[in-house]
Structures are given as C-alpha cells and as structure tokens.
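Chemist: Here is a sequence together with a model predicted from it:
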Number of protein chains: 2
Amino acid sequence: MSTAQETADGEAQPWGEVTPDAARRLLLAAVEAFAERGYHATTTRDIAGRAGMSPAALYIHYKTKEELLHRISRIGHEKALDILRTAARAEGSATERLADAVSSFVRWHAGGRTTAKVVQYELDSLGPEARAEILGLRRQVNAEVRGIIEDGVRSGEFDVVDVQGTTLAVLSLCIDVARWFNVNGPRTPEEVGALYADLTLRMVGVADAGQR
Amino acid sequence: MSTAQETADGEAQPWGEVTPDAARRLLLAAVEAFAERGYHATTTRDIAGRAGMSPAALYIHYKTKEELLHRISRIGHEKALDILRTAARAEGSATERLADAVSSFVRWHAGGRTTAKVVQYELDSLGPEARAEILGLRRQVNAEVRGIIEDGVRSGEFDVVDVQGTTLAVLSLCIDVARWFNVNGPRTPEEVGALYADLTLRMVGVADAGQR
C-alpha cells in the first residue's frame, strides 16, 4: 500500500517535519497538555514545564498558546489530507480506493488519537483567521472522500442516494475512532480499519462488502 | 413513534427532572461552561456566576465541581439509555426498531449537542467511582443496540459479520453527530436522523435500505 500506511501508526509521526528539536518537543508537550486538561486549562508555563524548558525558551518558538494549537491543528489536518489524497489518487477501482482511504484514516485516528482529539475537539478555540485556514483544509479532506464516492457512483460500483451526506458519515465514523479507541481494548487499529472499510463499502451499496 | 421522539429535540429537555429550580439552573450553567471552556478550566465560581448565584449558594446543591459533572453525565447517559431502550422494546421488526433507535439517538445528539459533548468528552475527568457507574450505563446502551442487531440476524433480516464491531460503529456514528452538527448547517436533526437510519440499515445488510 501507500506511504499513508507507513505513517499511520505512531502517535509522534506527524511531528518529524518540525525543527528545531526544541520546537518539536514543545509541540508534543502541548498536544499532551491540551488532550489531558483542555486548551483553556493549559498555560504556556505548563507546556514549557512538560518539555523541560523555561517559559522564556518557549517564546523563542511560539508567541502564544494559540500559535501552538494552530500549528498542531495545521499539521494534523495536512497529514489527514495527505493520507486521504494518497488513497484517492492511487491506482485501482473506487471500491479499492475507498476501502484504502477508510482503513488508512482509521489507523491514523487510532494510532494518533491524542493528536486527533486535540485537532478535532479544540477547533473552536482557534481565532478567526486560523480557524478559516483549518476549515479550508477540512473542505479539501471532505472533497477527497466525496471524489472517490462520486467515481464509484459514475462507474456503477456504488449505489448512493445522498453523496454529501454519505461522505460526512464516512469521515465522522473514522474521526470518532479517536474518541473511543483504547490501546488495551480487544481490537488493533488494523482490525478496526478493516472492519470500517467493510462497513463503509456497505454504506455505499457494494453488495458483497462483507464477503470480500 | 415513541416518547423518545418527543424528548429528543430540545437542549434543555433532560433537566426537567432536576429540582429545585436552583439546582437545575446550576446544572445548565455547568453544561454551558464545561462545553465552552472544558471541565478543568471551569471553576465553581464561574458556574455560580453563570447561574446568577453566589458560590455559597452553589455549595448548598453540589459539594464539588465533579459532583456537577457526575450528575450531568448520569442524566445524559440515562436519557440516552431511555431513548434506545424505548426503540429496542417497541413493536415491530428489527429493521424498524434499528431505524427508530438510530434516528431518535441522532436527533437527541443533534438537538442536545452541548450536553452530549460534555457527557462524551469529559468522561476521563470523572473520579474512579463515578466513572465506573457511567461505564455501567454505557454497557447497557451498547447492549440495547446489540440486542436489536442480534434480533435482526436471528430473524434473517440482517447479514452481519461482526455484531459487536457493528454495534460500536452504529453508536459511534450517532454520538459523533454532537461534534459536527451545526444548527445553521444545511440539514435538520430529522434529516440527519433519516439519513443515518438508512446508512445503518445498509451497514447491517438490509438490501433495499436506500429505497425505503
């Protein structure tokens, strides 16, 4: 499969691009603090402390707490878009590409659930400009999934009454994995990914989805 | 349909049973504050202020902030259980009961999304005893939906490979409505409920789900 799979597992993966090391450590500390206590209950002092740094050292890299959230949210959404785009633009039928998109997206939400929760639940904590940028990325995420569903309808593989509603439901199902997934639970991210790929194919009317 | 429908729309509905009036106003104020700023960033002083009361007046009704969250979470989960139980135990085929359960549950999560978000996302903020009680209610919620799916498999209406996984996915789909639903968006709670009932029937292999 694609690079999406390789980068879909580790919680820390999407931060590899952040340099220097101190800036990356601060982002990781912010993700943990926001996930644990919520954005509004977290101070830049808390974040610096978790990263083993002084508040003054934090300000070299990030001017405000909101800048940290914005950076986390942008990287998270760009990674989500990358995963779906890779699946959408791969070779193969719409059926194969939708199954790939859903299983990759689910694995990422299960493996990176701490980041995913912050990215998904603290959207309202962003200021208007940052929020507008992130909503733009979300529209692109939506468009990738909708594009695969439209391809499948055109090719006759899918039977869908409400393309936009079904797109929304498919994305929602994947995103909510970040809320309930438990590493100590009975299912691995791969198993949930496979189950959800089959359930999604059923949602778009692929008749033998359960038997594949 | 059932009483589930009648009580599934208003945000304030589930609090009708809370008396006296001051205790109910404080719960509503706590729901709003927790949803807006998160549990950890909210003080009992904030909550009392929102309810137009003094902190001392709050302590007459609730000893701690956690007691407020516990009460909100219990009422929310009991209402969720009541909605699903009513649908599960109604007359009708498994197909009809599953469609009813999903559409009622979706309407409740869309209409009562502020409460639902607090109930779903602040579960980890509860202490061990309160959390154990709520997890017990969640198991009952799960059992009601699983029961309908098992009925449908037995009667031959449904074709399901993984009953527990499908139950989890159906509940997850409904719960996540609280995250994304927008009163100013293009769909009413009723429309999302109807769409999701059809998608769920497809997930359980009811062949003509889209054409009903």
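Modeler: Noted; the coordinates are in hand. Quick caveat, the model's predicted, so the values are computed rather than measured.

Chemist: Secondary structure element holding the residue sitting nearest the centre point of chain A?
Modeler: Nearest residue to the geometric centre of chain A (Cα atoms, centre = their mean): A:A80, 4.3 Å. According to DSSP states H and E, A:A80 maps onto helix A:65-88.

Chemist: And that helix, how far out from the chain middle?
Modeler: Offset of helix A:65-88 from its chain centre (Cα atoms, centre = their mean, to the nearest Å): 7 Å.

Chemist: same thing with stretch A:83-101?
Modeler: Distance, stretch centre to chain centre, for stretch A:83-101: 16 Å (Cα atoms, centre = their mean).

Chemist: same check, this time on stretch A:195-207
Modeler: Averaging C-alpha positions (Cα atoms, centre = their mean) puts stretch A:195-207 20 Å from its chain's average.

Chemist: in that stretch, what counts as buried?
Modeler: Neighbour counts over stretch A:195-207 (16 or more other Cβ atoms under 10 Å in any protein chain shown) mark A:195-206 as buried. Placement of C-beta: from N, CA and C, glycine included.

Chemist: pLDDT at the residue of chain A found nearest chain B, what is it?
Modeler: Nearest residue of chain A to chain B: A:G38, at 2.9 Å (Cβ to the nearest Cβ). Predicted confidence (pLDDT) for A:G38: 93.

Chemist: quick one: it and B:T166, what's the gap?
Modeler: Distance, A:G38 to B:T166, using Cβ to Cβ, to the nearest Å: 32 Å.

Chemist: Likewise for A:V183?
Modeler: 22 Å.

Chemist: which of those two has more neighbours?
Modeler: B:T166 (24 against 9; other Cβ atoms under 10 Å in any protein chain shown).

Chemist: The more buried one and B:L201 touch, don't they?
Modeler: No: if you go by Cβ atoms under 8 Å, B:T166 and B:L201 don't touch, sitting 11.6 Å apart.

Chemist: coming back round to it: contacting residues around the residue of chain A closest to chain B?
Modeler: By Cβ atoms under 8 Å, 6 or more residues apart in numbering or on different chains, the contact list for A:G38 reads A:122, B:37-41.

Chemist: Quick check: phi and psi at the residue of chain A positioned farthest from its centre.
Modeler: Distance from the C-alpha centroid of chain A, by Cα atoms, centre = their mean, peaks at A:A56 (31.3 Å). When read as degrees, to the nearest 10, the backbone of A:A56 gives phi -60, psi -40.

Chemist: any idea which element A:V141 lies in?
Modeler: Here A:V141 is assigned to helix A:128-155, by DSSP H and E.

Chemist: quick check: angle from that helix to helix A:65-88?
Modeler: 10 degrees (axes from the mean of the first three to the mean of the last three Cα atoms, to 10 degrees).

Chemist: and after helix A:128-155, which helix or strand comes next?
Modeler: The first helix or strand that comes after helix A:128-155 along the chain, using DSSP H and E, is helix A:163-175.

Chemist: So which residues on chain A come close to chain B?
Modeler: Residues of chain A lying close to chain B (Cβ under 8 Å from any Cβ of the partner chain) are A:37-41, A:120-121, A:159-162, A:165-166, A:168-169, A:172-173, A:175-177, A:179-180, A:187, A:192, A:195-196, A:198-199, A:202-203, A:205, A:210.

Chemist: Give the burial count for A:P55, as a bare number.
Modeler: Applying other Cβ under 10 Å, I find that A:P55 has 13 neighbouring residues.

Chemist: Next one, pLDDT for it please.
Modeler: pLDDT for A:P55: 94.
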